[in-house]
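Enquirer: this is the structure alone, sequence omitted:
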């Protein structure tokens, strides 16, 4: 029988664990935790914004990006996490996946996951447990799952 995995993530941090049926044994499934670029939006776009011309007239004004740079980094991070999990799925490293993340991150992860990976998701919980220490996880997971 293959492992059951749990992904605990937010917009910039993710940990993946192998668990047994009773959630009494939890161990990291991947080496280390995944961490996104956590700079502030103004630091990501530290250069001056581009300039654009008005269509009707001679005025020039700063170009504003269509999405917040910090939000874009979270989307890129969700795609990277989904890509890594999908690689492990193809290796048949697990047969079930539970995803625990705050609502916004949960939605981004769901969008980023390929269909085959989404089929393996047996449970989704909208909660942020990324900062919870490893020794407190079993009790918390048993209550949630």
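Expert: Okay, I see it. Computed from a prediction, not measured in an experiment: that's the story for all the values here.

Enquirer: when you work out contacts or count neighbours from here on, use the C-alpha atoms and nothing else.
Expert: Fine.

Enquirer: quick one: average pLDDT of stretch 78-89?
Expert: The average pLDDT for stretch 78-89 rounds to 95.

Enquirer: chain center to that stretch, what's the gap?
Expert: Using C-alpha atoms, centre = their mean, to the nearest Å, the mean C-alpha position of stretch 78-89 is found 10 Å from that of the whole chain.

Enquirer: again, but for stretch 68-86
Expert: 6 Å.

Enquirer: okay, which residue is most central for the protein?
Expert: residue 78 (3.9 Å; C-alpha atoms, centre = their mean).

Enquirer: which helix or strand contains residue 100?
Expert: Secondary structure from DSSP states H and E places residue 100 in strand 94-101.

Enquirer: for residue 3, what are its contacts?
Expert: By C-alpha atoms under 8 Å, 6 or more residues apart in numbering, residue 3 lies in contact with 18-20, 93-96.

Enquirer: mind putting the residues you listed into CSV with distance to residue 70 and pLDDT?
Expert: Putting the contacts of residue 3 into CSV (distance: C-alpha to C-alpha, whole Å; pLDDT from 0 to 100) gives the following:
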residue, distance to residue 70, pLDDT
18, 30, 92
19, 32, 88
20, 36, 83
93, 32, 92
94, 32, 93
95, 33, 92
96, 31, 94
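
Enquirer: farthest pair within those residues?
Expert: By the measure C-alpha to C-alpha, 20 and 93 form the most distant pair in these, at 13.8 Å.

Enquirer: neighbour-wise, which of those two wins?
Expert: residue 93 (17 against 12; other C-alpha atoms under 10 Å).

Enquirer: phi, psi for that one please.
Expert: Residue 93 adopts backbone torsions of phi -80, psi -20, taken as degrees, to the nearest 10.

Enquirer: re earlier: next secondary structure after the strand holding residue 100?
Expert: Next helix or strand after strand 94-101 toward the C-terminus (DSSP H and E): helix 103-112.

Enquirer: which parts of the longest helix seen in the chain are buried?
Expert: Using DSSP state H, we find that the single longest helix of the chain is helix 69-90. For helix 69-90, the neighbour count (16 or more other C-alpha atoms under 10 Å) marks 69-70, 73-83, 85-86, 89 as buried.
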